[in-house]
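# Sharing a model prediction with you, sequence too.
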Amino acid sequence: MPSILIVEDEPKMRRLLELNLGEEGFTTHTAADAESGLKILNREKIDLIVTDLKLPGMNGLEFLQAIKRTDAALPVVIMTAHGSVETAVEAMKMGASDYVLKPFSLAEMVVVVRKELDARNLREENRSLREALGQRYEYANVIAKSAKMQEVLGLVERVAPSNSTVLLGGESGVGKDLIARAIHEHSNRAKGPFIKINSTAIPENLLESELFGYEKGAFSGATAAKPGKFELADKGTLFLDEIGDVPPAIQVKLLRVLQEREFERLGGTKTLKVDVRLIAATNRDLRAALEDGTFREDLYYRLNVVAIDIPPLRERKEDIPPLVDFFLVRFARDSGKPAKQISPAALDLLMNFHWPGNVRELENTIERAVTLSSRSIIDAADIRLDQRSPASQISPVLPDGMTLEKWEQEIIREALRRANGNKSQAARALGLSRNALRYRLSQMGLPDPPEASEN
């Protein structure tokens, strides 16, 4: 069974956690301070750490930094009082896996511990997947011949049986809804409902009632009570698309549902409990949203338990031929026309296009060609593409072999070199605030020790 280290200076709480987690079958080790905890880490194999933030001597944040220097992947659950939530969020930015607010129930702690151990196992299995050769995954309605999409489906295979929250990233049109449904259909909740809601498709003033429902008389026109999407998704999965566009007031309520699995309907006073797995999706850079204050940090870290990034179509062009065949068969069947084929010239045209709209744009292109073509073979003349952004007209923006994230990190390192390590000067040179630079450094895994002189 997994081995858990409990670091808590209050003897009664330390003993309660030791007994409770031991009864759940875990092997437990305990320490009254961080220094003793580090000694245990040096001699024992530990799978997860539960630690208080307020400790004698080395505090919880310093303890976390010491842990991450030796094992960045080791999950750490922080215990903190309600008044220290901001510090707990800071700890999660530094690498903590989750936090629980005191006072908490022992059952809640067990749920958090099991979730984090499941997430760690998923990450380790994903690393093994990257090394595996020749293993292929197939899901209904998901075309994934390319290596990048096989990696995505490998993650789906591993995350589906768990109850972990999943955050899907990727451009519009890559198929996030299909991946969300695949996770649901291969989970223990497959017999339960799969409820989808797109936050951008609902006016902001109606989103709260759509998610949480409302009671009779809650507002003008509410002539009867109505359950929300969370209630409808009970014992199943709720897929919340475009999570990055959810307004701040709704973000607070989402955070509560994720933390406590409860909420009230609009205009109601009765607290409702739900058992829902949340899959969220976004085409926005949520890290940028964190920095400009439009997305809550605590909600981000609650959502980002398992992140799956779906690559754009232009980065997995091996999938285009089978996608074309799939759409040809579907649209020929739907239109009642004989099955059509695609000519080599037409396929070359599709393979060389940039596809800013991704799979959705390819689907629409094939549907139009099938609908308007009177021949059995779709030729290049039947293909209509938006020529404003073909791949041939787009010059490289980044150096060869360099991703945007790596290029940003190189720019930050260069700014620090030119400023002789002075982070305030480097931040000014980059046009960033000091906190924004600190956030990026933490994402890069670089320490941010206090400096002798900040000008």
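Received the coordinates, thanks.

# quick one: buried residues of stretch 178-192?
Neighbour-count burial for stretch 178-192 flags 178-185, 187, 189, 192 (criterion: 16 or more other Cβ atoms under 10 Å). Placement of C-beta: from N, CA and C, glycine included.

# Among these, which one sits closest to D234?
Using Cβ to Cβ, G192 comes nearest to D234 of these, at 7.7 Å.

# mind checking the SS state of the closest one?
Under DSSP: H, G, I helix; E, B strand; the rest coil, the three-state class of G192 is coil.

# Please determine how far it is located from V152.
23 Å (Cβ to Cβ, to the nearest Å).

# next one: I40
From I40 over to V152 (counting by Cβ to Cβ), the distance is 38 Å.

# What is the least confident helix or strand in this structure?
When each helix and strand of the chain is scored by mean pLDDT, DSSP states H and E, helix 106-131 comes last, with a mean of 76.

# What residues are bridge-paired with the most centrally placed residue in the chain?
When Cα atoms, centre = their mean is applied to the chain, the residue found nearest the centroid is L167 (2.4 Å). Bridge pairing for L167 (DSSP bridges) gives the partners A280, A307.

# and E318, how many neighbours does it have?
15 (other Cβ atoms under 10 Å).

# Could you find the closest non-adjacent residue to it?
The spatially closest residue to E318, leaving aside those adjacent along the chain, is S146, at 4.2 Å (Cβ to Cβ, 6 or more residues apart in numbering).

# Now that neighbour: phi and psi?
In terms of degrees, to the nearest 10, the main-chain angles of S146 are phi -70, psi 160.

# from memory it sits against P322, does it?
No: distance between S146 and P322: 9.6 Å, which falls outside the contact criterion (Cβ atoms under 8 Å).

# Between those two, which has more neighbouring residues?
A count of neighbours by other Cβ under 10 Å puts S146 above the other of S146 and P322, at 18 against 13.

# got a list of what that one touches?
Going by Cβ atoms under 8 Å, 6 or more residues apart in numbering, S146 touches 311, 316-319.

# Equivalent analysis for N304, please.
N304 neighbours (Cβ under 8 Å, 6+ apart): 167, 286.

# do you know how far it is from R181?
Distance, N304 to R181, using Cβ to Cβ: 21 Å.

# And for L278?
The spacing between L278 and R181, counted by Cβ to Cβ, is 14 Å.

# can you give me the strands in the stretch 151-300 of the chain?
166-169, 194-198, 237-241, 262-264, 271-273, 277-282 (DSSP state E, counting those that start in this stretch).

# Can I get those in TSV including mean pLDDT and distance to Y214?
Shown next, in TSV, are those (pLDDT from 0 to 100; distance: least, Cβ to Cβ, whole Å):
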stretch	mean pLDDT	distance to Y214
strand 166-169	94	28
strand 194-198	93	15
strand 237-241	95	17
strand 262-264	91	10
strand 271-273	92	12
strand 277-282	94	21
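
# Take the ones you listed and write them to CSV, including distance to N205.
Output for the strands of the stretch 151-300 of the chain, formatted as CSV (distance: least, Cβ to Cβ, whole Å):
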stretch, distance to N205
strand 166-169, 26
strand 194-198, 15
strand 237-241, 18
strand 262-264, 18
strand 271-273, 22
strand 277-282, 21
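
# now the strands: where do they sit in the stretch 301-450 of the chain?
306-309, 341-342, 377-378.
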